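**Q** model this:
(chains A and B)
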There are 2 protein chains.
Amino acid sequence: MRIAFIGLGHMGGPMARNLLRAGHALHVFDLGAEAMHSLVAEGAQAAASPADAARNAEFVITMLPAPRHVEAVLCGSGGPGGDGTGVLASVPRGVPIVDCSTIDPATVQRLAQLAAAQGNPLADAPVSGGTGGAAAGTLTFMVGGSAEVFAQVQPVLQGMGQHIVHCGPVGTGQVAKICNNLLLAISMIGVAEAMSLGVALGIDPQVLAGIVNTSSGRCWSADTYNPYPGVMPNAPASRGYSGGFGVDLMRKDLGLANDAARQVHQPLPLGAQALQLYELWSRQGHGQLDFSSIIQLLQGQRPA
Amino acid sequence: MRIAFIGLGHMGGPMARNLLRAGHALHVFDLGAEAMHSLVAEGAQAAASPADAARNAEFVITMLPAPRHVEAVLCGSGGPGGDGTGVLASVPRGVPIVDCSTIDPATVQRLAQLAAAQGNPLADAPVSGGTGGAAAGTLTFMVGGSAEVFAQVQPVLQGMGQHIVHCGPVGTGQVAKICNNLLLAISMIGVAEAMSLGVALGIDPQVLAGIVNTSSGRCWSADTYNPYPGVMPNAPASRGYSGGFGVDLMRKDLGLANDAARQVHQPLPLGAQALQLYELWSRQGHGQLDFSSIIQLLQGQRPA
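**A** Numbering: from 1, shown residues only, chains lettered A, B, ... in the order given. The predicted structure is shown next:
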């Protein structure tokens, strides 16, 4: 299949590579020349713009940092109608567009309307699994779109991921992702508070984790990704909080959740506080650490 | 074994009943005459005071609402030395005392010192599993005390529970319980925020729960006790939030966690906020509902 792939960063690069390996013909575009060259060396064709990449495509995938980038890649720049450099200016009628970026549901829905008006179905398909999952082809895709477009995009996404989940109409992929990460952000701080308090009161961290993990406090942040150093040998906490899912990425997803909540008048008393705590921790210079390092903010020093 | 059992409420009553069934001889005391009569009808002997119950005991168990009750039952009333009505005034040297109440670790440790000074080992052994677990004899006991006292008390506790966990020195049973419930209280609000936001943004609650439960938001509050009505047929959310673990009980445990945290200078930014949210919800008249009803505070009305 002729696929236009736009956005070749830490996630998009390895995802595109897996599509090449699966035998697809890729037209790629990225603002970074180096990212482009690396894919071209492996058999992709370089495009001069998103419009150029999409011109003869049978399928379009975008993987970009933020709403403004997705909007520019689809619509071009220069306001309504655009300057002809966007995907929508050239993509053949009927070709599906899949945006794998994590952005706000409202932007996705607006872009889907623009695409539908010219006969292109659009699905949102944000991912979980990180750069490791992108390289290994084991990502989870949370797909928002009609049943028809889901059936169309599923086989292509299977070339890059393990679990392809249909969440409902367009935008609900983003909803699933930001709601999961909202809960994750809160749970991680909850585990950090419980572990810090317990150790300060004299219980052994391994014993406390063992009790929580078989009780009603059980959660992924405690039993798979425990933030207390040494409790889980393979968690980022046991290697100085390197690797993993960065504080600044969690900050971005919490920002999306809080913004979306305001639009539907949904109070998030813990979600709002969680965002402020990750903001504090990032502002203190720790934005690149794994998000479980938030326990260090609560402890005031690296745990011994 | 001759066991003194003091405190025959919603938890203590069924626990004492299970000890009778296991063949122990019980001397019981409670301020409520009805609770006493019910146990006496099943073969227990009524005592006139905690001291009277403990006089010939080989083992003492207390199950009481709050620190001041535990203190009065052990020390009697009337200040230092007491008035002779407390357990410590009469209990034979060497007899172990097990307090199953949920109270603060500092009070437990202070009472353990008083007991040790007259030759009685004291262990804290707060429970989880609720009134259902108390009746069925399937409670979990989180035991704080020396290895020697743990070996002594374990066989007796097995008559009332399924899991008897040694948490460390005296007080650490309470630490494990309040840390677990701190995390539980936070997780539940996190799930309530994520489910409320997702549904407000248009995703089906079952689909969202399915995604969260196989992703990094996975937790007991979402996959076993989901607060959104209809997602789990057997959760309190699907029966009007009746039964289960009451808002006022969660309020009590969060109060213990926040108090203990202040004593060791441990910030609990989400735990403090969680306490305030359950306080609000209780003040609005919902203290007797299951604690997962907190989702209704966030939604402003019962979800349709």
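
**Q** CA only for contacts and neighbour counts going forward, please
**A** Fine.

**Q** hey, where'd the helices end up in the stretch 51-200 of chain A?
**A** For the stretch 51-200 of chain A, the helices defined by DSSP state H, counting those that start in this stretch occupy A:67-75, A:105-117, A:130-136, A:147-157, A:172-200.

**Q** The longest one: what's the following helix or strand?
**A** Pointing back at helix A:172-200 there. helix A:205-212 (DSSP states H and E).

**Q** Can you name every helix or strand that the helix or strand that comes right after that following helix contacts?
**A** Tracing the chain past helix A:205-212, the next element assigned as helix or strand by DSSP H and E is helix A:220-223. The contact analysis (3 or more CA pairs under 8 Å, 6 or more residues apart in numbering or on different chains; DSSP states H and E) places helix A:220-223 against helix A:172-200, helix A:205-212.

**Q** Mind doing that once more with 7 Å?
**A** Contact analysis of helix A:220-223 by 3 or more CA pairs under 7 Å, 6 or more residues apart in numbering or on different chains; DSSP states H and E lists helix A:172-200 as its packing neighbours.

**Q** got the buried residues for the helix it packs on?
**A** Buried residues in helix A:172-200, counted by 16 or more other CA atoms under 10 Å in any protein chain shown: A:172-200.

**Q** swap in stretch A:257-275?
**A** A:257-258, A:260-261, A:266-272, A:274-275.

**Q** which non-adjacent residue is nearest the residue lying farthest from the centre of chain A?
**A** The centre of chain A is farthest from one residue, A:Gly202, which by CA atoms, centre = their mean lies 38.5 Å away. Closest residue to A:Gly202 apart from its sequence neighbours, by CA to CA, 6 or more residues apart in numbering or on different chains: B:Thr172 at 6.8 Å.

**Q** Pretty sure A:Ile203 is one of the things the one you found touches, is it not?
**A** Yes. Applying CA atoms under 7 Å, one finds B:Thr172 in contact with A:Ile203, separated by 5.7 Å.

**Q** quick one, what contacts A:Thr138?
**A** By CA atoms under 7 Å, 6 or more residues apart in numbering or on different chains, A:Thr138 lies in contact with A:160-162.

**Q** How much space separates it from A:Gly129?
**A** Remark: distance between A:Thr138 and A:Gly129 (CA to CA, to the nearest Å) = 7 Å.

**Q** what about the closest residue to chain B within chain A, neighbour count?
**A** Going by CA to the nearest CA, chain B is nearest to A:Cys219 of chain A, at 4.0 Å. A count of nearby residues for A:Cys219, using other CA atoms under 10 Å in any protein chain shown, gives 30.

**Q** Which residues are in contact with the residue nearest to it when sequence neighbours are not counted?
**A** Spatial nearest neighbour of A:Cys219, chain neighbours left out: B:Cys219 (4.0 Å); criterion: CA to CA, 6+ apart. Residues counted as contacts of B:Cys219 (CA under 7 Å, 6+ apart) are A:218-220.

**Q** Quick one: name the residues of the stretch 101-250 of chain A near chain B.
**A** A:167-168, A:172, A:175-176, A:179-184, A:186-187, A:190-191, A:193-194, A:197-198, A:200-203, A:207-208, A:212, A:216-220 (CA under 7 Å from any CA of the partner chain).

**Q** mind running it again at 8 Å?
**A** A:167-168, A:172, A:175-176, A:179-184, A:186-187, A:189-191, A:193-198, A:200-204, A:207-208, A:211-212, A:215-221 (CA under 8 Å from any CA of the partner chain).

**Q** Thought A:Tyr228 was touching A:Ala237, still the case?
**A** Yes. Here A:Ala237 reaches A:Tyr228: they are 6.0 Å apart, a contact under CA atoms under 8 Å.

**Q** Tell me where the model's unsure across the stretch 1-150 of chain A.
**A** A:80-81 (pLDDT under 70).

**Q** the strands in it, which residues?
**A** A:2-6, A:25-29, A:45-46, A:59-62, A:97-99, A:122-124, A:127-128, A:139-144 (DSSP state E, counting those that start in this stretch).

**Q** Could you list every helix and strand that the last one packs against?
**A** In this case it means strand A:139-144. By 3+ CA pairs under 8 Å, 6+ apart, strand A:139-144 packs against strand A:122-124, strand A:127-128, helix A:147-157, strand A:161-168, helix A:172-200.

**Q** any residues touching it, and which ones?
**A** A:123-130, A:133, A:150, A:157, A:160-174, A:176-177 (CA atoms under 8 Å, 6 or more residues apart in numbering or on different chains).
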